[in-house]
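**Q** Could you work out the structure for the sequence below:
(2 chains)
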Amino acid sequence: DTGVSQDPRHKITKRGQNVTFRCDPISEHNRLYWYRQTLGQGPEFLTYFQNEAQLEKSRLLSDRFSAERPKGSFSTLEIQRTEQGDSAMYLCASKGGFLYNEQFFGPGTRLTVL
Amino acid sequence: GIQVEQSPPDLILQEGANSTLRCNFSDSVNNLQWFHQNPWGQLINLFYIPSGTKQNGRLSATTVATERYSLLYISSSQTTDSGVYFCAVVTPYDGGATNKLIFGTGTLLAVQP
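**A** Predicted coordinates:
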C-alpha cells in the first residue's frame, strides 16, 4: 500500500493555458474524490468517482473543469483556459468500498495561475 | 447545509503543553475524521471517529454524536504538531451516497520550543 499519489506537486501556468493533474489512488480503492483548497480555507468537494463512473459533481466545477477515471484506476483533472481564481491546492482522496468509511488523501497539486 | 465550526481558530502553545481542539456540527453526521495538515499541505489522517473515544499515542479524540461535537486532545505537544487541524464530516443527507467530506474551519496550531 503506497498511499495516494498526485502529479505534479506544483504547477505554475499563465492565465488562459490548460493544465492537467493526475491522481493515483490506493490500489483496489474503487472510490476517488477531488477537492480544492484555497488559502486559509478547508478543502471543498469537487467531484466523485465510483470505479470509472463520475457520480457527482459540485457546482464549484465549472464547465472549464473536466475529470476522468477511464479504467477505474488513476484519475485526471483538467482545467481549460485557466483563470487566476483557479489558483489553489487540488487534493485527491480515495476510499475503499461501502464498509470502508475512511478517506485517504494525496499530497496535493498546488496550482498557481499568473 | 451542515455547518462545521472549529475552535479555537488559532492556538499558540509552548512545547510540552496540552490542548483541546473542538469541532461542532449543526446536524447529524454518519462519519467524522480528524486530519493534521502539515506545512507542505499534506492531510494526514489522525482519527476516524463517528462516535466514542480513541487514542493514538499523545493524541486522543472523542465524538459525542448526539450532542453534535467532537474533541481532539493533544498532550505533551511537540513542535512537529504545528500545522492546521481539520475535522471533516459526512452527512446522512447525501442523496447520492457519495460520502463526500465537509470540512470544518480549521484550527491553526503553533507549538513553540
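
**Q** what pairs with the least confident helix or strand in chain A by mean pLDDT, and is each one parallel or antiparallel?
**A** Of all helical and strand segments in chain A, the minimum by mean pLDDT, DSSP states H and E falls on strand A:53-57, at a mean of 93. With DSSP bridges as the test, strand A:53-57 is paired with strand A:44-50 (antiparallel).

**Q** Show residues contacting the strand it pairs with.
**A** Taking C-beta atoms under 8 Å, 6 or more residues apart in numbering or on different chains as the criterion, the residues outside strand A:44-50 that touch it are A:30-37, A:54-58, A:60-61, A:65, A:67, A:69, A:72, A:75, A:77, A:90, B:96, B:98, B:100-103. Heads up, the C-betas are built off the backbone N, CA and C, glycines and all.

**Q** The closest residue to A:Pro25 other than its chain neighbours: neighbour count?
**A** Using C-beta to C-beta, 6 or more residues apart in numbering or on different chains and skipping residues adjacent in sequence, the residue nearest A:Pro25 is A:Ser94, 3.3 Å away. Applying the criterion other C-beta atoms under 10 Å in any protein chain shown, we find 23 residues in the vicinity of A:Ser94.

**Q** pull the CA atoms of the host helix or strand of A:Ser94 into CSV?
**A** Taking DSSP states H and E as the definition, A:Ser94 sits inside strand A:88-95. In CSV, the C-alpha atoms belonging to strand A:88-95 read as follows (Å, rounded to 0.1, in the frame of the first residue of the first chain):
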residue,chain,number,x,y,z
ALA,A,88,-5.5,26.6,-5.2
MET,A,89,-4.3,23.3,-3.9
TYR,A,90,-6.1,20.4,-5.7
LEU,A,91,-6.4,17.3,-3.5
CYS,A,92,-7.3,13.8,-4.4
ALA,A,93,-8.6,11.2,-1.9
SER,A,94,-9.5,7.6,-2.2
LYS,A,95,-11.7,5.2,-0.2
